[in-house]
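> Model the structure of this input:
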Amino acid sequence: MKILALDLGTSSVRGLVLDADGDLVSGALARRRMRLSTHDDGTGTLDGRQYLTGLVECLDELAAGGHLRGVTMVATCAQWHSVVPLDARGEPLGPVLTWLDTRAVPAPGAPGPADADAFHQRTGTWWHRCYWSMRLPWLRARTDTPVTRFAGLVEYVLGALLDEMPMSISQASGTGLLDLRTLDWDAEACELAGVRPGELPHLADMDWRGRLRPEHARRWPDLADVSWHAPVGDGAASNVGSGCVDESRAAVTVGTSAAVRLIQPVPAGAPLPPLPEQLWRYRVDHGHVVTGAAYSCGGNLFAWADRELRLPRGAELAAALDRVPFDGGPAADPRLGGDRPPGLAPAGSGQLSGISFGTTGVELLAGLMRGLCDLVAEDLAVLESTVDSRVEVVLGGGAVAASPWWRRAFAATLAPRTVRHQPDPEIGASGAALAASGRFGDAAQPVDIGRTDESDPPTVPASAPSGAAS
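Reported below is the predicted structural model:
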């Protein structure tokens, strides 16, 4: 058995083929970088058509290498919160708003939820610029052509390839419009969003499976009869890929962005556990919820520092970081991209303080990295209060995979908890594959922090390729 796993991330789109044990088939990885448009006004968008082209190129590359032969299912993990307005032909009327876009504001006089706490407990979200309840009216007011319907990036992209593409329960939970208990669109959230009949995607049922359209089946004949499973939100998939699928383990994932999350079994219709006011909650699938906090900073801190601070490279950078104590470097607020919900700090809120003429670029980077560790530690304490016990922490994602210093800094900051590392750089895609194949708890066991710290560490990437988190 082979599984084609797709990762529809923010900085790249990737396709990889996994064997029956969940390991990457040699050479079976195709990747296309995506250009994320960002501006000081809070813009954070992708071009949907270019994204679709990137995915098609990945599939073409895998097909040309013969890697699609023997594939028996397709699993997908995809970014949460994205939205794009579509016309009657299903074509984008503008760019895709990603989780990083902070421009949406409520219309003057818009009242918001009648009971903000009840709304939060029901949907797991807030009336916030990250969610469709605020984004749809804002988008509609800025779209010249009438909007026929709205979709997330994954529904638009896969909808162009498959016979049908409903929205998975996992992706729907990231819109902020889903009642997490009933697994149906929430009436009040839809009213806030100004939703009209037919504008929202249909919701996929538990047993939904997709098939390629005939023209695409001819292009990739090895996938002609293969079932496509409902996509899983990237953060939830990363938890599964990290082996964090119950209340004993929390995942801290650092990819382009970062998050701390905990999965709990909650079947559809069952009462939801109480949700602290500063945490969000989404759905992994019909039987599990994931609770946590997310940050707009992560591997993108590397990208900024590498571009602006003239950092050394590879082993030289690793050696320079090793000379910085974990509590050293300047005090830093790493929110260069602003707050994720429920925070409202705009893009450009990052700060560095305590800098002297002797402060190095490496120390500035270390301060930003430690700043993220501190944010995670605060929210992890709140997350633990929902389960009344200290949890083990598993680090994952491309950014911590590339930086032994950051792994050790997290371990020091989160002590006395046990902190381990999941070295698989493709934990999101792996997690989606495990969920699709019914092997929810079969991820490779994480390893101790010290055991995988190489004597000759890899080059720290300018941006983390995987594990983008929500």
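> Break the protein down into its domains, please.
Split into domains by automatic domain parsing, the chain comes to 2-234, 244-433+445-452.
> so for the last one, what's the average pLDDT?
Same thing as domain 244-433+445-452. For domain 244-433+445-452, mean pLDDT rounds to 93.
> export the domains of the chain to JSON lines and tack on distance to Arg439 and mean neighbour count?
In this view, the C-beta of every residue, glycine as well, is placed from N, C-alpha and C. What follows is the domains of the chain, written out as JSON lines (distance: least, Cβ to Cβ, whole Å; neighbours: other Cβ atoms under 10 Å):
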{"stretch": "domain 2-234", "distance to Arg439": "8", "mean neighbour count": "19"}
{"stretch": "domain 244-433+445-452", "distance to Arg439": "8", "mean neighbour count": "20"}
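> For whatever helix or strand Thr76 lives in, list the C-alpha coordinates in CSV.
Using DSSP states H and E, Thr76 falls within strand 71-78. Output in CSV follows, covering the C-alpha atoms of strand 71-78 (Å, rounded to 0.1, in the frame of the first residue of the first chain):
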residue,chain,number,x,y,z
VAL,A,71,-1.0,4.6,-4.7
THR,A,72,-4.2,3.4,-3.0
MET,A,73,-5.4,6.6,-1.3
VAL,A,74,-4.8,10.4,-1.2
ALA,A,75,-4.6,12.2,2.1
THR,A,76,-4.4,16.0,2.5
CYS,A,77,-3.4,18.4,5.2
ALA,A,78,-4.1,22.0,4.5
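> hmm, who's touching it?
1-9, 17, 152-154, 158, 171, 222-223, 226-229, 231-234, 236-238, 428-429, 431-433, 435-437 (Cβ atoms under 8 Å, 6 or more residues apart in numbering).
> in its sheet, what does that strand sit against?
The strands that strand 71-78 pairs with in its sheet are strand 2-8 (parallel), strand 227-229 (parallel), strand 232-233 (parallel) (by DSSP bridges).
> and Pro312, which of those strands is closest to it?
strand 2-8 (29.8 Å; Cβ to Cβ).
> average pLDDT for that closest one?
pLDDT averaged over strand 2-8 gives 97.
> what's downstream of it, the next helix or strand?
Next in line after strand 2-8, if elements are assigned by DSSP H and E, sits strand 12-18.
> Can you check the pLDDT for the nearest residue to Trp185 once chain neighbours are set aside?
Closest residue to Trp185 apart from its sequence neighbours, by Cβ to Cβ, 6 or more residues apart in numbering: Leu177 at 5.5 Å. At Leu177, the pLDDT value in this model is 98.
> Kindly report the same for Gly441.
Gly441 is given a pLDDT of 83.
> what sits against it?
Contacts of Gly441 by Cβ under 8 Å, 6+ apart are 243, 245-246.
> can you map out the helices along the protein?
Listed in chain order, the helices of the chain (DSSP state H) span 48-64, 116-123, 132-141, 153-159, 169-173, 187-193, 214-219, 234-242, 299-308, 314-322, 361-384, 398-402, 404-414, 427-436.
> I'd like to check what contacts the last one. Which residues are they?
Think helix 427-436. 3, 5-7, 9, 14, 16, 18, 22, 73-77, 229, 231-232, 234, 236-242, 253, 255, 284-285, 396-397, 424, 440, 442-443, 466-468.
> now do 6 Å
3, 5, 7, 16, 18, 22, 73, 75-77, 229, 232, 234, 237-238, 240-242, 396, 424, 442, 467 (Cβ atoms under 6 Å, 6 or more residues apart in numbering).
> Compute the inter-axis angle for it and helix 234-242.
Interaxial angle, helix 427-436 versus helix 234-242 (axes from the mean of the first three to the mean of the last three Cα atoms, to 10 degrees): 80 degrees.
> OK, contacts around Ala250?
For Ala250, counting by Cβ under 6 Å, 6+ apart, the contacting residues are 260, 262, 391, 393.
> Looking at strand pairing, list the partners for it.
Val393.
> about what we covered before: roughly how far is the strand holding Thr76 from the heart of the chain?
Relative to its chain's centre, strand 71-78 lies at 17 Å (Cα atoms, centre = their mean, to the nearest Å).
> nearest to Leu93, of the helices of the chain?
Using Cβ to Cβ, the nearest of these to Leu93 is helix 132-141, at 8.7 Å.
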